[in-house]
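Colleague: below are the sequence and a predicted model for it; my questions follow.
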Amino acid sequence: MLTNDSSAATRPDPASDARSLRRRLRSESRPSHEELDGRFAGMTREASPVAYARFLQANEACHRMLEPVLAASPLMEAFPDLKLHRRAPSLSADLALMGLEALDAPGFSRSRLTVAQAVGVVYVLEGSRLGAGYIRAEIRRHGTTKAWEAASFAYLEGPDEPHALRNFLAAASAVLLDEADVDAAIAAADETFRYFLRVEALTRSGALN
Ligand code: HEM
């Protein structure tokens with residue numbers, strides 16, 4: 001007998017919703033992410049860690065400015081189990097150990113975030129740990145010259161939770177049910193990448209280059 005299990009066809013699938021949220025976040029912010037990656041091209045292969053110093057400065061400033069904006073957002077009410085990681089302290093420790101100045105960075109374009117916008121900002125900050133893992137592996141492969149001996153790696157070596165982003169996006173996809181909310185999260189993610197780009201530009205006008 002042929003059956004037509006229409007309930008299975010329409011049953012919500014949280015894992016697939018999370019994957020599609022991730023797919024949209026990743027693909028629609030890809031141009032900004034690629035532009036940012038490009039600003040640090042060759043960083044781990046350079047004979048001196050100057051580009052790495054800029055990477056730390058830009059990350060320290062962005063995390064220092066964005067983490068309080070997230071903490072003040074309604075994120076924790078929407079996701080009571082979420083652990084928001086603060087990366088600014090380890091970045092600040094790296095700067096201090098390497099004798100680098102903290103940047104005087106502009107504020108983020110929004111001081112108040114909706115839940116949807118906060119999801120976009122968390123995506124960029126937590127997602128950047130994936131990039132950090134890649135950079136850490138590359139430095140281990142290339143960055144062993146004498147010139148890198150005084151570099152500090154508290155941020156890159158900081159604790160990672162491999163499934164944190166995936167779990168967060170699974171929870172987020174159950175909260176962002178309207179298409180408009182998903183669009184707002186993506187717009188905020190792209191705005192966050194563009195904020196990193198603006199801050200990165202400041203590292204080029206400093207004494208490092
Ligand atoms: C400087 C600030 C950076 C931010 C905010 C950032 C952000 C992100 C985000 C959000 C993702 C997750 C994409 C996804 O899978 O959905 C990601 C992944 C990744 N990023 Fe970046 N990134 C940064 C710098 C870099 C740099 C400089 C590189 C390379 C030199 C890089 C290489 C990567 C790689 C290889 C992945 C994918 C890792 C994987 O799938 O396992 N990122 N980054």
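Modeller: That came in fine, so what should we check first? Everything numeric in this text was worked out from a predicted model, so none of it was measured.

Colleague: centre of the chain to whichever helix in the chain runs longest, how far?
Modeller: If you go by DSSP state H, the chain has its longest helix at helix 115-142. In terms of CA atoms, centre = their mean, to the nearest Å, the centre of helix 115-142 is set 4 Å apart from its chain centre.

Colleague: likewise stretch 50-60?
Modeller: Distance, centroid of stretch 50-60 to centroid of chain: 15 Å (CA atoms, centre = their mean).

Colleague: next secondary structure after the helix or strand hosting Ala18?
Modeller: According to DSSP states H and E, Ala18 maps onto helix 14-28. Counting by DSSP H and E, the next helix or strand C-terminal to helix 14-28 is helix 30-39.

Colleague: mind listing what's buried in that following helix?
Modeller: Ser32, His33, Leu36, Arg39 (16 or more other CB atoms under 10 Å). Every residue, glycine included, has its C-beta placed from N, CA and C.

Colleague: filter these by proximity to the ligand?
Modeller: His33, Leu36 (CB under 6 Å from any ligand atom).

Colleague: contacts only, for the nearest residue to Gly133 once chain neighbours are set aside.
Modeller: Among residues not flanking Gly133 along the chain, Asp160 sits closest, at 6.4 Å (CB to CB, 6 or more residues apart in numbering). Taking CB atoms under 8 Å, 6 or more residues apart in numbering as the criterion, Asp160 is in contact with Arg129, Ala132, Gly133.

Colleague: before we move on, back to that, okay, the buried residues of helix 30-39 in JSON lines with pLDDT next?
Modeller: As requested, the buried residues of helix 30-39 are exported to JSON lines (pLDDT from 0 to 100):
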{"residue": "Ser32", "pLDDT": "98"}
{"residue": "His33", "pLDDT": "98"}
{"residue": "Leu36", "pLDDT": "98"}
{"residue": "Arg39", "pLDDT": "96"}
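
Colleague: nearest to Ala116, of the buried residues of helix 30-39?
Modeller: Ser32 (18.2 Å; CB to CB).

Colleague: related to what we said a few turns ago, most neighbours among the contacts of Asp160, please name it.
Modeller: Arg129 (21 neighbours; other CB atoms under 10 Å).

Colleague: that one and Ser20, how far apart?
Modeller: To Ser20, Arg129 is 22 Å away according to CB to CB, to the nearest Å.
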